[in-house]
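# sequence and computational prediction follow.
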Amino acid sequence: MWSRLAEKSLNGEEITDQEAFDVLNCPDDELLNLLHQAYQVRKTHYGNKVKLNMIVNTKSGFCPENCGYCSQSRDSSAPIQKYRMMDKDTIVKGAEKASRMGSGTYCIVASGRGPSKRELDIVTSAVKEIKEAYDMRVCACLGLLKAEQAEQLKEAGVDRYNHNINTSENHHDEITTSHTYHDRVGTVSHAKAAGISPCSGVIVGMKETKRDVIDMARALKALDADSIPVNFLHAIDGTALEGTDELTPSYCLKVLCLFRFINPTKEIRVSGGREVNLRSLQPFSLYPANSIFIGDYLTTDGQESTEDHRMIEDLGFEIDVVNADKVMM
Ligand code: SF4
């Protein structure tokens, strides 16, 4: 049965809702077969390459929004480091580190509802320098975007814009009320219209149903997101979702397989919460997914990048990197 799903996915056919539920309900003793079939799809489109992405959190905290999972939200009491927008030189310096670590994409992230003019000017001037100095992709993630702001980013050389849908349309209001699901979708559309590659993903484990998970995977297909980060909730004390702990490592793998079957040609990135939720099964995630973050997440630590490099090497996979000769292992 799992091979039939791989076949459909490779032929560009939609899997049915029943098949999607079957993936999420796959018995654990069939998980290896499921992963093997998801891997057939991943291998067809990406071989054994793994894309690495590194984040710089250019502005932390002080956000007026109320996303229930986020330690930077106005309602969070999590004891995070808070700071205003970094200066241009610090952002550019981060790109040099990302390049040394083999990251093909440098993700410039800032907290907040959306960028101010000053913040956008800092980011665009940093991006211009980075694109001149390094052969790497730049992704920006600065919140809700207006059409003209997307054009400004495109002009500066931004390759990709990330704005996650986070959850299903149906579940969205349980997670945040300070903006709508359609605000989020609108930002992805503005990026795409400006000629920037759209990146949009989800956070699984926020008390959503399996129906919601299937709807998220299909929504991202409809949005034609080129890159799909799949985060697994790492509930932080002091946030609205504090104490939520409903994921198992095997369920996380089934979610990744589902996303691969529904979005066969897209970059699927195992993102935040990888270490905490997948635990010892982390390496298996690279059979359905073809991309990971290295280094730290926004307000939580990731594992040492040397561990990630070793995991990729031990699997017999290869880093998909622009500057392969300069990678620091
Ligand atoms: S996810 Fe972004 S918009 Fe939502 S609270 Fe956190 S920083 Fe603000």
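Looks like it came in fine.
# okay but residue 78 is in contact with residue 240, surely?
No: applying Cβ atoms under 8 Å, one finds residue 78 not in contact with residue 240, separated by 10.7 Å. Where C-beta positions appear, they are placed from N, C-alpha and C, glycine not excepted.
# and residue 1, how many neighbours?
Residue 1: 12 surrounding residues under other Cβ atoms under 10 Å.
# contacting residues around it?
Contact partners of residue 1, counting by Cβ atoms under 8 Å, 6 or more residues apart in numbering, are residue 22.
# now do residue 10
40-41, 44, 264.
# then residue 41?
Contacts of residue 41 by Cβ under 8 Å, 6+ apart are 6, 9-10, 260-261, 264, 288.
# which SSE is it in?
Of the helices and strands defined by DSSP states H and E, residue 41 is found in helix 31-46.
# look up how far residue 123 lies from the residue nearest to residue 142 when sequence neighbours are not counted.
The shortest distance from residue 142 to any non-neighbouring residue, by Cβ to Cβ, 6 or more residues apart in numbering, is to residue 115 (4.3 Å). According to Cβ to Cβ, to the nearest Å, residue 115 stands 7 Å off from residue 123.
# if we can go back for a sec, now do the SS call for the residue nearest to residue 142.
coil (DSSP: H, G, I helix; E, B strand; the rest coil).
# next, count neighbours for it.
Quick note: residue 115 (other Cβ under 10 Å) scores 24 neighbours.
# which ones are touching the closest residue to residue 320 other than its chain neighbours?
Excluding the flanking residues, the one nearest residue 320 by Cβ to Cβ, 6+ apart is residue 49, at 3.7 Å. Residue 49 makes contact with 290, 317-320, according to Cβ under 8 Å, 6+ apart.
# got the phi and psi for residue 49?
phi -80, psi 140 (degrees, to the nearest 10).
# spatially speaking, which residue is in the middle of the chain?
Central residue of the chain (Cα atoms, centre = their mean): residue 229, 2.3 Å from the mean position.
# can you tell me how far the closest residue in space to that residue that isn't next to it in sequence sits from the ligand?
Of all residues not flanking residue 229 in the chain, residue 201 sits nearest, at 3.4 Å (Cβ to Cβ, 6+ apart). According to Cβ to the nearest ligand atom, to the nearest Å, residue 201 stands 12 Å off from the ligand.
# I'd like to know how many residues surround residue 201.
That count, for residue 201 with other Cβ under 10 Å as the rule, works out to 23.
# next one: the one 10 residues further on
Neighbour count for residue 211, taken as other Cβ under 10 Å: 15.
# low-confidence regions, the stretch 101-250 of the chain specifically.
Judged against pLDDT under 70, the stretch 101-250 of the chain has no low-scoring part.
# residue ranges of the helices in it, please?
Per DSSP state H, counting those that start in this stretch, the stretch 101-250 of the chain carries helices over the ranges 117-133, 147-156, 172-175, 181-193, 210-223, 249-262.
# can you lay out those as JSON lines showing distance to the ligand?
JSON lines is the format used below for the helices of the stretch 101-250 of the chain (distance: least, Cβ to the nearest ligand atom, whole Å):
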{"stretch": "helix 117-133", "distance to the ligand": "13"}
{"stretch": "helix 147-156", "distance to the ligand": "15"}
{"stretch": "helix 172-175", "distance to the ligand": "9"}
{"stretch": "helix 181-193", "distance to the ligand": "10"}
{"stretch": "helix 210-223", "distance to the ligand": "16"}
{"stretch": "helix 249-262", "distance to the ligand": "20"}
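# most tightly packed of these?
helix 249-262 (a mean of 24; mean count of other Cβ atoms under 10 Å).
# show me what that one packs onto, helices and strands only.
helix 2-10, helix 17-24, helix 31-46, helix 210-223, strand 227-232, strand 267-270, helix 274-278 (3 or more Cβ pairs under 8 Å, 6 or more residues apart in numbering; DSSP states H and E).
# put the alpha carbons of the last one into CSV.
What follows is helix 274-278 as a C-alpha-only set of coordinates in CSV (Å, rounded to 0.1, in the frame of the first residue of the first chain):
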residue,chain,number,x,y,z
ARG,A,274,13.7,18.4,15.8
GLU,A,275,16.0,17.4,18.6
VAL,A,276,13.4,17.5,21.4
ASN,A,277,10.6,15.6,19.5
LEU,A,278,12.5,13.2,17.2
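# all set, thanks.
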